[in-house]
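Enquirer: what's the 3D shape of this:
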Amino acid sequence: MLRSMAALAFVALLLALAGCTGMYLGVQGERPTSSGSLGDDVTARVDIHTITPETVYQQRQELEAAAQLDQARRNAAVPNSNGSYQYLVAPGDILNVIVWNHPELNNPAGQITSEIAGRVVADDGYFFYPYAGRVKAAGRRTTDIRNELTQKLTQYLTEPQVDVSVVQYRGRKVFAVGQFNKPGPVALTDVPLRVTDVVTRAEGLNENADEREAVLTRNGVRYAINLYALYQKGDMSQNLVLQDGDILNVAEKRYNKVFVLGEVVKPQSVLLPYGAYTLAEALGDAGGLNPTTSNGSQVYVLRAVPGAKPQVWHLNANSPDALVLADGFRLQARDVVFVDAAAVTRWSRVINQLLPSVGGLTNLDNLAR
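Expert: Below is the predicted model of the structure:
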């Protein structure tokens, strides 16, 4: 008998603790204040807000202002692509030098292989040419090299006609990295190379690419490039002329996700689409609130804020205007949507967890008898 009473006392104690199991923020009422009715221990760690018509309107105003400021900052930060483009020869390039009516200079010893006949610019930026000796090439235009060769050859030839061109561009490159179908270096030539050219040379973006999150790194400075605006909206300010050493990096879109957890029909992570994505859409994509286990008055959006306390946004989905509010509340990347369980659901789960323990205590009591 004493064992039975002990077992009943044990069960009663655990039932009393049932309300403490699981995640429960405990916001009460339809529209609590900013801090809700939580204890000081929770409000000290997070900022609690309620989704109301006022907060939805304020959020929309803040997002529009932030978008305008971000666009102005982008426009100010983007490197200037205006002006004429000129390719400067670099070490590693192969030059083709032709002196008309002088085949002994153009094709010495009868060599016909283009790379041997061409003049490779050495690491020090020079190449050798008969009668002219060492000629500076790196950092110069082909017209400058031609003028110097003409001047030097005039000492040995009568009015030499010299032509200089680049046979192979190997010295100057930009780099396509990240979510391209064929990432790698892309050679710069005498034709200006733009962002769209790099995407084409890299055979386009793969299915994991996030067109909104491309970064151009130049001389250690990072510039945001919005490929979605470039390709879908025709924003040609994003189509920059690239320079030697530029790195174009396209990030994975998996970093732009929101997570819908708790008492919904289908908990899942959702990739943010291009454009606004609201709380109502996230709940709808997850199949809505579970009609048998969810507590509609306890719907939360948890958001990390760099350098500040996390934010928790509360929605009472039982209120008449809940769907309108949810459709006006925009989610951000890495937001977590959480739907709490109903009180009876939490109590039922605790009971189910306790039943094996109660059964074991009953067996012990029977053995003691």
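Enquirer: contacting residues for residue 278?
Expert: Applying Cβ atoms under 8 Å, 6 or more residues apart in numbering, we find residue 278 in contact with 326-331. (C-beta placed from N, C-alpha, C; glycine too.)
Enquirer: Who does it form a beta bridge with?
Expert: Assessed by DSSP bridges, residue 278 has beta-bridge partners residue 330.
Enquirer: Look up how far residue 184 lies from it.
Expert: Applying Cβ to Cβ, to the nearest Å, the value for residue 278 to residue 184 is 39 Å.
Enquirer: likewise residue 206?
Expert: Relative to residue 184, residue 206 is positioned 14 Å away (Cβ to Cβ).
Enquirer: Looking at these two, which one has more neighbours?
Expert: Neighbour count, other Cβ atoms under 10 Å: between residue 206 and residue 184, residue 206 has more, with 15 against 11.
Enquirer: Quick check: the more buried one touching residue 182?
Expert: No - Residue 206 lies out of contact with residue 182 (Cβ atoms under 8 Å); the separation is 9.4 Å.
Enquirer: Report the buried members of the contacts of residue 278.
Expert: 326, 328-331 (16 or more other Cβ atoms under 10 Å).
Enquirer: Let me have these in TSV, adding distance to residue 221 as columns.
Expert: Output for these, formatted as TSV (distance: Cβ to Cβ, whole Å):
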residue	distance to residue 221
326	40
328	38
329	36
330	30
331	31
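Enquirer: Output the residues you listed in TSV, with distance to residue 119 and pLDDT appended to each entry.
Expert: Formatted as TSV, these follow (distance: Cβ to Cβ, whole Å; pLDDT from 0 to 100):
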residue	distance to residue 119	pLDDT
326	69	93
328	67	92
329	66	94
330	60	94
331	60	94
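Enquirer: what helix or strand does residue 143 sit in?
Expert: If you go by DSSP states H and E, residue 143 is part of helix 142-153.
Enquirer: element containing residue 300, please.
Expert: Residue 300 belongs to strand 294-303, assigned by DSSP H and E.
Enquirer: pLDDT (mean, whole number) over that strand?
Expert: Averaging the model's pLDDT scores along strand 294-303 yields 92.
Enquirer: how about the CA coordinates for that strand, as PDB?
Expert: Taking Å, rounded to 0.1, in the frame of the first residue of the first chain, the C-alpha atoms of strand 294-303 are listed here in PDB:
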ATOM      1  CA  SER A 294      -1.800  23.700 -31.800                       C
ATOM      2  CA  ASN A 295      -2.500  26.700 -29.600                       C
ATOM      3  CA  GLY A 296      -3.500  29.400 -32.100                       C
ATOM      4  CA  SER A 297      -2.900  32.200 -29.600                       C
ATOM      5  CA  GLN A 298       0.800  31.300 -29.300                       C
ATOM      6  CA  VAL A 299       2.300  31.800 -32.800                       C
ATOM      7  CA  TYR A 300       5.800  33.300 -32.700                       C
ATOM      8  CA  VAL A 301       8.400  34.600 -35.100                       C
ATOM      9  CA  LEU A 302      12.000  34.400 -33.600                       C
ATOM     10  CA  ARG A 303      14.600  36.600 -35.200                       C
END
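Enquirer: Partner strands of that strand, with direction?
Expert: Using DSSP bridges, strand 294-303 pairs in its sheet with strand 311-315 (antiparallel), strand 336-341 (antiparallel).
Enquirer: Distance from the longest one to the middle of the chain?
Expert: The offset between the C-alpha centroid of strand 336-341 and the centroid of the whole chain comes to 26 Å, using Cα atoms, centre = their mean, to the nearest Å.
Enquirer: cool, and stretch 261-276?
Expert: 18 Å.
Enquirer: what sits up against that stretch?
Expert: Contact partners of stretch 261-276, identified using Cβ under 8 Å, 6+ apart, comprise 23, 211-212, 228, 232, 253-254, 256-260, 277, 282-283, 285-290, 293-295, 330-331, 333, 336-342, 345.
Enquirer: Mark which of those residues are buried, thanks.
Expert: By 16+ other Cβ under 10 Å, the contacts of stretch 261-276 give 211-212, 228, 253, 256, 258-260, 277, 282-283, 286, 289-290, 293-295, 330-331, 333, 336-342, 345 as buried.
Enquirer: Tell me how this structure divides into domains.
Expert: 23-66+256-342, 94-168, 171-253 (automatic domain parsing).
Enquirer: So for residue 351, which of those sits nearest?
Expert: Nearest to residue 351 among those is domain 23-66+256-342; the distance by Cβ to Cβ comes to 13.5 Å.
Enquirer: now the closest one, how far from the centre of its chain.
Expert: Worked out by Cα atoms, centre = their mean, domain 23-66+256-342 lies 23 Å from the chain centre.
Enquirer: Strands of the stretch 201-350 of the chain, start to end?
Expert: 209-218, 221-225, 247-252, 257-262, 268-271, 294-303, 311-315, 336-341 (DSSP state E, counting those that start in this stretch).
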